[in-house]
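K.L.:
I would like the atomic coordinates for the input below:
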Amino acid sequence: MTKPTSPIVDIKDAAEAADLYGNLLDTADVGLVVIGADRAICHWNQWMQSRSGILHEQAIGKRLSALFPETRLGRLCQAIQDCLEFGMPAVISPSLNQGALPLRPLPQFAATFERMEQSIRVHPITTSRGDKLCSLTVRDVTLAVQRDRLLRQQAAELAELVTQTRRSEDRTRAILQNTIDAILVASDDGNIEPLNARAQELCGPEGDPELSNIIRFLLPDSKHTPPQRPTADRLLTDLGTGVIEVLACTKNGRNVPLEVAISHFSADGRYHYIITLRDISQRKRHEMEIQRTMAELERSNSELEQFAYAASHDLQEPLRMVSSYTQLIARRYKDKLDETADEFIHYAVDGTQRMQRMIDDLLTLSRVGRHGKPFHAVPLDSLFDAIAANFRRAGLGPAGNIVRDGFLPTATGDASQLLLLFQNLVSNGLKYSDPDKGEVRIYAGETDESWKVFVADNGIGIEPQYHATIFEIFKRLHGYGEYAGTGIGLAICKKIADRHGGTITVESEPGKGSTFCVELPKELPIVIAQESM
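P.N.:
Next up, the predicted model:
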């Protein structure tokens, strides 16, 4: 017969078991809540206290809706009701935020969260007495939710990046396919991959083998030393990238000039080269046409200058004879003929003298391009000293009428032609000014590339519409009776400025004088420098 178990021992073991289970529930790393049939809370473990700031004593006997009045718990309350009435388990995921929780200043708990994402497992419990309870297992899944959101955001960003990349690839592919140049990629083993339709047409399987051979010749590799491939060595070693012109013979026997551009990059431990082929046949035809036109223009200009020089030179002898005899008649028959005859003889002498000056100016104009001297350094201070001396000797005006203001630079050019240029400008300034009050002021300025020399007068001025035309040959704004001249002086000035790679312009208003600006480059263009040697 079995000895009955002591009731005291059973009670003690039950109490210890209850304490043990209570401790386990309180130390669990999840929230554990037990709700009775009346929807009131029977158990509220330590985890729930620390997360909500609500003590066990404050929670027991109360409903969840009373503890969290500002939180939407409709789904959770419905799940609890279904669990108690029908034994239906459920899993829901509500969010709690700080504003929705009546947090209290409890020093023993760290209830300072801003937002908590939860996973709540609702499960039915039946006691040994048959009572139906509902257990809530609450897990903080904030980090998991945040990771999930971050992953979804990254996935969306990646999808957008892929979409943009595809659009960019489509755009690049469309550009490549529609460009007139052939674009290829070649590796250092000689493999050539066409990137667009034009490249496929020229160098693909059905393309021209001659072009492929040219490309392979241009690309350096370990099998060929630089002397065997000097062009590629120069382009890719010395320059890094380069552009050259080659003449390729196509399958149909036609020679095609090509512009080949090569650049290289490193990828996958190998060198790759981007080659661009451009058919420059039309450009070459245009260049040849321009060269022919320029040659014809130079020949025509040379013939015109020679004709002007020869015509002017040949005209001088009969003109001298006419001038000499008319002057002889004027002296011999002075006061022996009537007044009308003396006037006619005066007109004849004056006309021959004007013609002589015009021929001299034409000869000077023709010599600017044909008989120029080599360029060298020309101190403009010394140049204007010589101009002032020339005016004093010729009695054309006091040297005090020519005023130099500040520094004058040293230019590079033909000294005799520069003297003629500035002497013409000074002469014009004095001619069109009041003889007693006229003044010509010379001063200089500069830019990074050029010297500027200004010749300013206080004369009658020039209408704006004539600022460009006064530099044309035989262009005169006044009759010979008002101001003497041939109409060639400023044309000579412009031609001299052109020969020096410079310009000449004027700023003027009627009655306010004129300012001529001669701009001369500090460094001569290569073509002009070669021609001046």
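K.L.:
give the contact list for the residue lying closest to Pro379 once chain neighbours are set aside.
P.N.:
Nearest residue to Pro379, sequence neighbours excluded (C-beta to C-beta, 6 or more residues apart in numbering): Thr410, at 4.8 Å. The C-beta positions use only the backbone N, C-alpha and C, and glycine is treated the same way. When contacts are counted by C-beta atoms under 8 Å, 6 or more residues apart in numbering, Thr410 touches 377-380.
K.L.:
Could you measure from Thr410 over to His500?
P.N.:
For Thr410, the distance to His500 equals 14 Å [C-beta to C-beta, to the nearest Å].
K.L.:
As a check, name the ranges of all helices in the stretch 151-300 of the chain.
P.N.:
Remark: helices assigned in the stretch 151-300 of the chain by DSSP state H, counting those that start in this stretch are 197-203, 209-218, 230-232, 281-332.
K.L.:
Least confident of those, on average?
P.N.:
Between those, the lowest average pLDDT goes to helix 230-232, which shows a mean of 48.
K.L.:
Need the per-residue pLDDT for Pro174.
P.N.:
One thing to correct before we go on: residue 174 is Ala, not Pro. pLDDT, Ala174: 81.
K.L.:
likewise Thr486?
P.N.:
With respect to pLDDT, Thr486 scores 63.
K.L.:
if we can go back for a sec, restricted to strands, list the contacts of Thr410.
P.N.:
Mapping the contacts of Thr410 onto strands (DSSP state E) picks out 377-379.
K.L.:
Using TSV, please lay out those residues together with pLDDT, neighbour count and distance to Thr469.
P.N.:
Below are the ones in strands among the contacts of Thr410 laid out as TSV (pLDDT from 0 to 100; neighbours: other C-beta atoms under 10 Å; distance: C-beta to C-beta, whole Å):
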residue	pLDDT	neighbour count	distance to Thr469
Ala377	89	9	34
Val378	89	19	29
Pro379	90	13	33
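K.L.:
So which of these is the closest to Tyr333?
P.N.:
Proximity of these to Tyr333 (C-beta to C-beta) peaks at Val378, which lies at 50.3 Å.
K.L.:
And stretch 257-265, what's buried?
P.N.:
Residues of stretch 257-265 classed as buried by neighbour count (16 or more other C-beta atoms under 10 Å): 257-264.
K.L.:
same check, this time on stretch 55-75
P.N.:
58-59, 63-64, 67-68, 71, 73.
K.L.:
looking only at pLDDT, what's the mean for it?
P.N.:
83.
K.L.:
From one end of that stretch to the other, what's the distance?
P.N.:
Start-to-end span of stretch 55-75 (C-alpha to C-alpha, to the nearest Å) is 24 Å.
K.L.:
Quick one: distance of it to the chain centre.
P.N.:
Distance of stretch 55-75 from the chain centroid (C-alpha atoms, centre = their mean, to the nearest Å) equals 67 Å.
K.L.:
of the buried residues of stretch 257-265, closest to Ala456?
P.N.:
Ala456 has its nearest neighbour among the buried residues of stretch 257-265 in Glu259, at 50.6 Å by C-beta to C-beta.
K.L.:
now that closest one, nearest residue through space, not along the chain?
P.N.:
In space, Glu259 is closest to Arg278, 4.4 Å off (C-beta to C-beta, 6+ apart).
K.L.:
what pLDDT does the one you found get?
P.N.:
84.
K.L.:
give me the number of residues near it?
P.N.:
19 (other C-beta atoms under 10 Å).
K.L.:
ok, it to Gln327 distance?
P.N.:
For Arg278, the distance to Gln327 - C-beta to C-beta - is 71 Å.
K.L.:
could you dump the buried residues of stretch 55-75 to TSV with distance to Gly269?
P.N.:
Listed next are the buried residues of stretch 55-75 as TSV, based on distance: C-beta to C-beta, whole Å:
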residue	distance to Gly269
Gln58	69
Ala59	67
Arg63	70
Leu64	65
Leu67	66
Phe68	63
Thr71	61
Leu73	62
